[in-house]
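Peer 1: Next come a sequence and a model predicted from it.
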Amino acid sequence: MAQLTRRSAKLLEPISAAVSATRHLTTSSTSPITVETSLPFTGHKIDPPSRSVETTPQELLTFFRDMALMRRMEIAADSLYKAKLIRGFCHLYDGQEAVSVGMEAAITKKDCIITAYRDHCIFLGRGGTLFETFAELMGRKDGCSKGKGGSMHFYKKDSGFYGGHGIVGAQVPLGIGLSFAQKYKKDENVTFAMYGDGAANQGQLFEALNMAALWDLPAILVCENNHYGMGTAEWRSAKSPSYFKRGDYAPGLKVDGMDALAVKQACKFAKEHALKNGPIILEMDTYRYHGHSMSDPGSTYRTRDEISGVRQERDPIERIRKLIISHDLATEKELKDTEKEVRKEVDEAIAKAKESPLPDASELFTNVHVKGFGVEAFGADRKELRAVLP
């Protein structure tokens with residue numbers, strides 16, 4: 001009987017090898033797959049795009065890997081914060097990864113992105129490295145902002161990422177400024193100015209949108225609606241929580257922000273619209289698993305059942321996992337192996353970041369004053385000259 005089993009197994013080997021080879025051939029292929037979004041888009045003063053999204057095996061596997069990497073990075077940041085290796089403010093993005101990967105799939109690095117303080121994964125999506133991320137989080141000189149920005153002030157100008165801002169809503173007028181520069185230079189790119197539902201009532205947002213609409217600027221205002229501004233539910237802080245309609249005269253689109261393919265479709269649609277017609281608002285219906293920041297347990301204003309319910313029904317990584325398996329692009333084991341690789345990458349980046357030195361004390365004086373003017377630094381009484389800055 002054992003011999004028969006072994007013989008059967010040998011006979012099946014070429015078949016399983018052929019199936020595996022066929023699947024891997026399909027996986028590396030760029031042949032299109034059409035997928036329908038989980039929910040329809042809802043438009044305000046605009047006809048929404050089609051629910052049918054074209055993707056490829058390669059893109060789906062990239063989505064899975066990128067989101068798994070972001071998720072693992074944020075979980076590791078949680079542990080580092082609790083170990084007091086990350087200090088100060090720290091806002092985690094786990095749960096919202098589909099917004100970043102979907103947006104990046106629809107645009108180029110010549111398009112600009114500016115966001116608030118929940119910025120680690122946006123930086124990674126723009127081409128930042130794990131090493132730069134963890135070095136910055138731990139205040140080391142090899143961080144993306146030389147260890148001086150910390151969690152809230154990531155930056156990567158060469159890829160069109162302009163931060164990382166700590167003042168609620170203040171990044172939106174800056175984003176409109178970026179879109180003004182793009183239109184002035186006629187470079188056919190757009191700016192995504194991102195903010196949360198907690199910032200959606202800010203007056204400066206509406207002032208900036210008004211200017212963008214007057215001048216038909218290529219600006220896309222992205223409201224990442226995770227339903228809680230700090231610990232306040234949207235229905236308690238906004239009379240009208242339909243943020244995609246808040247632009248009044250500006251068109252808007254409500255998007256399932258837990259569906260990477262829906263985000264991709266919406267961002268592609270929004271970019272085409274903004275280049276021709278001016279600003280548009282995208283409301284990404286998403287959810288954060290952690291609290292607002294590391295000082296917030298995240299369970300005093302919402303139930304654990306609510307959080308676990310979203311994880312089970314809408315998790316962005318699990319949605320892509322199911323798509324990959326249903327199209328026979330990879331096995332469950334292969335996806336588990338990818339997650340193990342990601343975990344190893346994160347661990348190696350943390351170990352390397354821990355070895356990075358702290359910034360030199362002289363860094364206190366850089367990026368503050370324009371160089372070459374011989375600026376003098378005095379003591380408190382202004383009698384003693386302490387230093388002449390370069």
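Peer 2: Arrived safely.

Peer 1: so what's the residue nearest to residue 166 when sequence neighbours are not counted up against?
Peer 2: Nearest non-adjacent residue to residue 166, counting by Cβ to Cβ, 6 or more residues apart in numbering: residue 152, 4.6 Å away. Quick note: C-beta positions are derived from backbone N, CA and C, even for glycine. Applying Cβ atoms under 8 Å, 6 or more residues apart in numbering to residue 152 gives the contacts 88, 89, 91, 117, 119, 164, 165, 166.

Peer 1: Following the lowest-mean-pLDDT helix or strand in the chain in sequence, what is the next regular element?
Peer 2: In the chain, the helix or strand scored least confidently by mean pLDDT, DSSP states H and E is helix 2-27, which has a mean of 46. Using DSSP states H and E, the helix or strand that follows helix 2-27 towards the C-terminus is strand 33-36.

Peer 1: Parallel or antiparallel, list what pairs with that next one.
Peer 2: Sheet partners assigned to strand 33-36 using DSSP bridges are listed as strand 52-55 (antiparallel).

Peer 1: Tell me which residues of the partner strand come out buried.
Peer 2: By 16 or more other Cβ atoms under 10 Å, the buried positions in strand 52-55 come out as 53, 55.

Peer 1: what does stretch 87-97 give?
Peer 2: So, applying 16+ other Cβ under 10 Å, buried residues of stretch 87-97: 90, 91, 92, 93, 94, 95, 96, 97.

Peer 1: The residue nearest to residue 176 when sequence neighbours are not counted: what's it in contact with?
Peer 2: Excluding the flanking residues, the one nearest residue 176 by Cβ to Cβ, 6+ apart is residue 208, at 4.3 Å. Taking Cβ under 8 Å, 6+ apart, we find residue 208 in contact with 172, 173, 175, 176, 193.

Peer 1: for the stretch 251-390 of the chain, which spans come out with low pLDDT?
Peer 2: Counting by pLDDT under 70, the stretch 251-390 of the chain contains low-confidence ranges at 390.

Peer 1: ranges for the strands of this protein?
Peer 2: Secondary structure of the chain (DSSP state E): strands at 33-36, 42-44, 52-55, 112-114, 191-196, 219-225, 228-229, 232-233, 252-256, 280-285, 376-378, 385-388.

Peer 1: Switch those over to a markdown table; also include distance to residue 328.
Peer 2: Formatted as a markdown table, the strands of the chain follow (distance: least, Cβ to Cβ, whole Å):
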| stretch | distance to residue 328 |
| --- | --- |
| strand 33-36 | 11 |
| strand 42-44 | 33 |
| strand 52-55 | 15 |
| strand 112-114 | 34 |
| strand 191-196 | 34 |
| strand 219-225 | 33 |
| strand 228-229 | 38 |
| strand 232-233 | 41 |
| strand 252-256 | 25 |
| strand 280-285 | 30 |
| strand 376-378 | 66 |
| strand 385-388 | 66 |
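
Peer 1: quick one, which of those is nearest to residue 340?
Peer 2: The closest of these to residue 340 is strand 52-55. By Cβ to Cβ, the value is 24.8 Å.

Peer 1: With just CA atoms, put that closest one into CSV.
Peer 2: Output of strand 52-55 as CSV, limited to C-alpha atoms (Å, rounded to 0.1, in the frame of the first residue of the first chain):
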residue,chain,number,x,y,z
SER,A,52,-15.2,47.4,-13.3
VAL,A,53,-11.5,47.8,-12.7
GLU,A,54,-8.7,46.4,-14.8
THR,A,55,-5.8,44.9,-13.0
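
Peer 1: Residues contacting it, please?
Peer 2: Strand 52-55 is touched from outside by 32, 33, 34, 35, 36, 37, 261, 262, 264, 265, with contacts defined as Cβ under 8 Å, 6+ apart.
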